[in-house]
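> need coordinates for the following:
(2 chains)
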Amino acid sequence: MSSPSFAARMPSLQVAEEKYSAYLGFDPQGVRVYFRGTISTLNPSSVLNPFVDAVHAHVLESGAKEVRVDFTGLEFCNSSGFKSFIYWIELIQKAPEEKRYKLRFVSSKERKWQKTSLLALSCYGVNLVTLDS
Amino acid sequence: MQREPTGFRDFPVQLMIRMSPPWVFIDEIRRFVESFCACACPGQDREAQVALAVHEMMQNAIPHAQGDEVELVLEVSREADCIAIRVTNRCGDADYEALRERVDRMNREADALAHYVAAMRENPSARGGLGLARVRFEAQLDISVRREAGRVIVEAAGPLRAPRLPAIGGVHV
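Take a look at the predicted model:
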């Protein structure tokens, strides 16, 4: 029996809270993960880290070499939520070298905090993080 | 052409908010501060940084306030080219000492970005510990902490006209 299709597993690759959501989707350029809303709760990593784990496992399985992380619909992310992206980079760093992939962050010029936050993240995840706008 | 109110340019503008319990309103406070700053210091492109700083400082204060009120004061002076954010809350001895030690350690590192990246490395899975480093680098504000009458005051202050942020390879943003 063949393994379930990716579409059948899609529901586990999304989270939705009152003020924010995240889900994995596809576009012609490959895997794309969307973050929407406002991440400002006290401990968002309890929701986001399991989602990141699931996305990471899927990307390793698919063999993708780049994931677009779409922030264009993300109004704000507090430092506690930001740690989930640090956690994501750590997961990639721990993966076998041939399995590692890059995170390409797609940001919004209108949301100015994204520029400085992603700049700092790119300094943390050197060679793993690239920035688009 | 619309004229500014007389004296607006010459005197500090102050915003004070005192809230209890404020957690559910933190997004509204951030949005309001961003709008307020855009009006109080037009053309300085500072509002997003100040809003981020206020959010992080309030977020730090609320869990330690022991249910008591948290006070936010924001001062903008175009004449003196400075902006200051003060967040005050009730605080126990152990919490204050831990915070003071963390701020002292942060300020001993002259490079705000280097400290911020080091803070990211410290314990990615633990909750907290990144907010003030983020304020210092991303909002380009100096952080200090002091205590008065059982309440801790965390202040972030800096120039209204912030220099552009340094980045990898000498690029500035």
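
> report pLDDT for residue 54.
Chain wasn't specified; assuming chain A. For residue A:54, the pLDDT comes out at 96.

> that's the wrong chain, I meant chain B
97.

> where's it relative to residue A:103, distance?
Distance of residue B:54 to residue A:103, given as C-beta to C-beta, to the nearest Å: 28 Å. C-beta: built from backbone N, CA, C; applies to glycine.

> which one of those two has more residues nearby?
Each of residue B:54 and residue A:103 has its neighbours counted (other C-beta atoms under 10 Å in any protein chain shown); residue B:54 has more, 27 against 22.

> so the nearest residue to the more buried one once chain neighbours are set aside is in which element?
Counting by C-beta to C-beta, 6 or more residues apart in numbering or on different chains, residue B:33 is the residue found nearest to residue B:54 once chain neighbours are left out, at 4.7 Å. Per DSSP states H and E, residue B:33 falls inside helix B:26-40.

> could you say which helix or strand contains residue 55?
No chain was given, so I picked chain A. Using DSSP H and E, residue A:55 falls in helix A:45-62.

> oops, I was thinking of chain B
Here residue B:55 sits within helix B:47-64, counting by DSSP H and E.

> could you do residue B:83 as well?
Assigned by DSSP H and E, residue B:83 belongs to strand B:82-90.

> thinking again about what came up before, and the helix holding residue B:55, what does it pack onto?
helix A:79-94, helix A:112-124, helix B:26-40, strand B:70-77, strand B:82-90, helix B:131-138, strand B:151-159 (3 or more C-beta pairs under 8 Å, 6 or more residues apart in numbering or on different chains; DSSP states H and E).

> okay, these, which one's buried deepest?
Among these, ranked by average contacts under mean count of other C-beta atoms under 10 Å in any protein chain shown, first place goes to helix B:131-138 (a mean of 25).

> circling back: which residues touch the strand holding residue B:83?
B:41, B:46, B:50, B:53-54, B:57-58, B:60-62, B:64-66, B:68-77, B:141, B:150-160 (C-beta atoms under 8 Å, 6 or more residues apart in numbering or on different chains).

> quick one: distance of that strand to the chain centre.
In terms of C-alpha atoms, centre = their mean, to the nearest Å, the centre of strand B:82-90 is found 7 Å from the chain centre.

> pLDDT weak spots in chain B?
Within chain B, the ranges that satisfy pLDDT under 70 run B:1-10, B:21-22, B:124, B:166-173.

> need the residues of chain B near chain A, please.
B:23, B:26-27, B:30, B:45, B:48-49, B:51-52, B:55-56, B:59, B:63, B:113, B:116-117, B:120-121, B:124-125, B:127-128, B:130-131, B:134, B:137-138, B:165, B:167-168, B:173 (C-beta under 8 Å from any C-beta of the partner chain).

> now do 6 Å
Within chain B, the positions near chain A by C-beta under 6 Å from any C-beta of the partner chain are B:26-27, B:48, B:52, B:56, B:59, B:116-117, B:120, B:124, B:127, B:130-131, B:134, B:138, B:167, B:173.

> if any of those are buried, give me the ChimeraX selection for them.
Buried residues within the residues of chain B next to chain A, by 16 or more other C-beta atoms under 10 Å in any protein chain shown, are selected in ChimeraX with:
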select /B:26,27,48,52,56,59,116,117,120,124,130,131,134,138,167
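
> ok, residue A:26 to residue B:66 distance?
Counting by C-beta to C-beta, the gap from residue A:26 to residue B:66 is 48 Å.

> residue B:143 bridge partners, please.
residue B:156 (DSSP bridges).

> distance of it relative to residue A:53?
Separation of residue B:143 from residue A:53 (C-beta to C-beta): 33 Å.

> A strand includes residue A:21, no?
Yes. Under DSSP: H, G, I helix; E, B strand; the rest coil, residue A:21 falls within a strand.

> wait, doesn't it sit right on residue A:35?
No. The criterion here is C-beta atoms under 6 Å, and residue A:21 misses it with residue A:35 at 7.7 Å.

> neighbouring strands of the strand ranked longest in chain A in the sheet, and parallel or not?
Longest strand in chain A, counting residues (DSSP state E): strand A:66-77. Sheet pairing of strand A:66-77 (DSSP bridges) gives strand A:30-39 (parallel), strand A:102-106 (parallel).
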